[in-house]
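Asker: Okay, here's the prediction I keep looking at, along with the sequence it came from:
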Amino acid sequence: MKKKYLFYAAFALTFVLGSCSDEMFDNAGQVNEPSSQNTRAVGNASWTKAYVLCEGTWKQNPPSLPGKLITYDNNWVGTDTLEVGDTGNDLIQYGSKLYCAVSGHDLTADNGGIWVLNAATGVPYTTTMKQYDDPKNGHNAMPRRLAAYGGEVYITLYSGAVIAIDTLDYEITKSIELDATYSEGICIAYDTVYVCNSGNAGDLYAGQGTSISKLPLDLRSETQITVPTNPKLIAQAPNGTLYFNSLGNYTTEKSALYKLEGESYSLPAVANLVDAFKIGNNAIYTTYVDWYDPSYEMPTTLQKVSFSGVATPFTTDIPDLMLGYSVSVNPFNGDVCFGQSGEDLYVYDSDGAPIRVDTPIKTGTGNPNSVVFVK
């Protein structure tokens, strides 16, 4: 039994490292790939399409599989696939367009960029992704996370910088070099841009950062808030509260979810064991994998956190080796999607009842990390 779990652990770690791929796919085109998923008998009328961004795999031989953006109908039947590039990092909808952030395997890979697509059709507006100069290191930018406000899309770069692009011509309108490195999650609230930094200034590796940067919308200055080690994601709840998670050092310091309160953060943490989270209309949904489990079972912990700060188990129906990696919420019906550190996508309703758990959506690509639903 131990050998079995060790095999799955090795398989999963291949995918979990998918945030750093090493092949160039700058000129990727649209590929039509009908899916062979099992589907529900009746589609869900509250939404028409789901776009699932998968990161891809990392440093494989033969070369790594690229990240993919897969289009599904409301029966979860795959209809189209776009090979986005080395590593698909983030996907958002702003107005009538989708924006997809893509990076490469290191800060100088020069194969990162942004795809802009029609949200109704999934068709890109350009034949190749748009690439940008990184204002901090002189290479092509390596985008990580996205947020939109005021006719612009703000993009964190892994070098430790932020750029904003116009939503009409997709050109850079402003930028700032941060006093940090390996910038990750981004959120815009109260006319302020908040950026999680996984590295401190001068760090050669991600994971030791202890700051969230606060920037005005014009990106002309920076102040920092000191937070627990390795902040990852940040988002605003419907009641205006800002939440972020920090990953810690994975051993003695575990991941957790916090409130950002002025120039500080909440203690104790709102919830412990939070590798990723997504905020819905009525609650926060989280996931965590115990990669260091001595029994090699690597259990996944799923939680539902109320805005009053009460964390409860989200469901008892968690498959073996679920390896919950990401969380997305359907804004039209409240369904919650958990991407696997593998290729599966699991779907529950907002109360934890399984929808696609025994027969998860098989994306065929490592690390499903973002799902955007459209009407």
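Answerer: Nice, thanks for sending it over. Numbering: from 1, shown residues only.
Asker: Confirm for me that Ala119 is in contact with Ile92.
Answerer: No. Contact criterion CB atoms under 8 Å: Ala119 and Ile92 do not qualify, at 10.1 Å. Yep, even glycine has a C-beta here, placed from its N, CA and C like the rest.
Asker: Common neighbours of the two, please.
Answerer: With contacts defined as CB atoms under 8 Å, 6 or more residues apart in numbering, the residues shared by Ala119 and Ile92 are Leu98, Val372.
Asker: Kindly state the beta-bridge partners for the residue nearest to Ala180 when sequence neighbours are not counted.
Answerer: Using CB to CB, 6 or more residues apart in numbering and skipping the chain neighbours, the partner closest in space to Ala180 is Asn197 (3.6 Å). As for beta bridges, Asn197 partners with Ser183, Ser211 under DSSP bridges.
Asker: Could I get the contacting residues of Asn197?
Answerer: Gly160, Leu178, Ala180, Thr181, Tyr182, Ser183, Glu184, Gly209, Ser211, Ile212, Ser213, Pro231.
Asker: Check Phe277 too.
Answerer: Here Phe277 is in contact with Leu233, Ala235, Tyr243, Asn245, Leu257, Ile284, Tyr285, Thr286, Thr287, Val305, Val327 (CB under 8 Å, 6+ apart).
Asker: quick revisit: what separation is there between the residue nearest to Ala180 and Pro331?
Answerer: Distance, Asn197 to Pro331, using CB to CB, to the nearest Å: 28 Å.
Asker: go on, Arg145?
Answerer: Where Pro331 is concerned, Arg145 sits at a distance of 19 Å (CB to CB).
Asker: neighbour-wise, which of the two wins?
Answerer: Per other CB atoms under 10 Å, whichever of Arg145 and Pro331 has more neighbours is Arg145, with 25 against 16.
Asker: Quick check: the more buried one touching Leu157?
Answerer: No. Look at Arg145 against Leu157 with CB under 8 Å: they stay out of range, at 9.6 Å.
Asker: Residues that sit against both of those two, list them.
Answerer: Common contact partners of Arg145 and Leu157 (CB under 8 Å, 6+ apart): Ser183.
Asker: I'd guessed Glu253 sits against Thr229; true?
Answerer: Yes. With contacts counted by CB under 8 Å, Glu253 reaches Thr229, the gap being 5.9 Å.
Asker: Compare neighbour counts for these two and give me the winner.
Answerer: Using other CB under 10 Å as the criterion, Glu253 and Thr229 rank with Thr229 on top: 16 against 13.
Asker: quick one: pLDDT of the more buried one?
Answerer: Here the pLDDT value assigned to Thr229 is 98.
Asker: Surely it and Thr252 touch.
Answerer: No. At 10.2 Å, Thr229 does not count as touching Thr252 under the criterion of CB under 8 Å.
Asker: Bridged to Pro143, which residues?
Answerer: Beta-bridge pairing for Pro143 (DSSP bridges): Leu157.
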